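[1] Just to be clear, the model below is a prediction. Sequence and coordinates:
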Amino acid sequence: MKKKEFVTGEEGLRLAELWARDGEDDRAIARRFGLPERLLRRLRRESPALDTAIREGRAAAWRVETALLDKATGYDKPVRKVYKLKTVEFDPETGKKLCEREELKTAEEAMHVPGNTTAQVFWLKNRRPDRWRDKPGVPDGAGEDDDGLYEALAEAVRR
């Protein structure tokens, strides 16, 4: 099977969508397929299914990112509420109550959901790890000062 047929086939479409969902751009997707980027762009023009798969993958990633941002900053959402409406009829001559009716009415109301602190911390640490890491001054991936403990333990195990 040719690479072109694989890319536009069912398995290739699934892989392209997954890679797009992971945030890969066209260059990275083409590299994963082992194709030049120009060929991938041409295949996207020729195959609506491939173009749709990549677009849907990216859209899914954006929906998650947008939802996290909304959760972090807070948002307004419509809420449907049910109210009981009570009407009372009085006799105009005597002033006595004739009948009483109750009916349920629904109405939409805007409710504000406040920002979530955990989502804010997650967002900041991932967007700007240089400014928002747990241990300032220690670059990501670098450990604390090595005091030789692991080396001593490894030596003790070897004996």
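    Happy to help now that I have it.
[2] What mean pLDDT does stretch 48-66 get?
    The pLDDT scores in stretch 48-66 average 90.
[3] what distance separates it from the middle of the whole chain?
    Relative to its parent chain, stretch 48-66 has a centroid offset of 12 Å by Cα atoms, centre = their mean, to the nearest Å.
[4] before we move on, which element is residue 69 in?
    Element membership for residue 69 (DSSP states H and E) is helix 48-73.
[5] Can you mark which positions in that helix are buried?
    Of all the residues in helix 48-73, those buried under the rule 16 or more other Cβ atoms under 10 Å are 50, 53, 54, 57, 58, 68, 70, 71, 72. For every residue, glycine as well, the C-beta is placed using N, CA and C.
[6] strand partners of the helix or strand that that helix is followed by, parallel vs antiparallel please.
    Sequence order places strand 75-90 as the next helix or strand after helix 48-73, per DSSP H and E. Strand 75-90 pairs in its sheet with strand 97-113 (antiparallel), by DSSP bridges.
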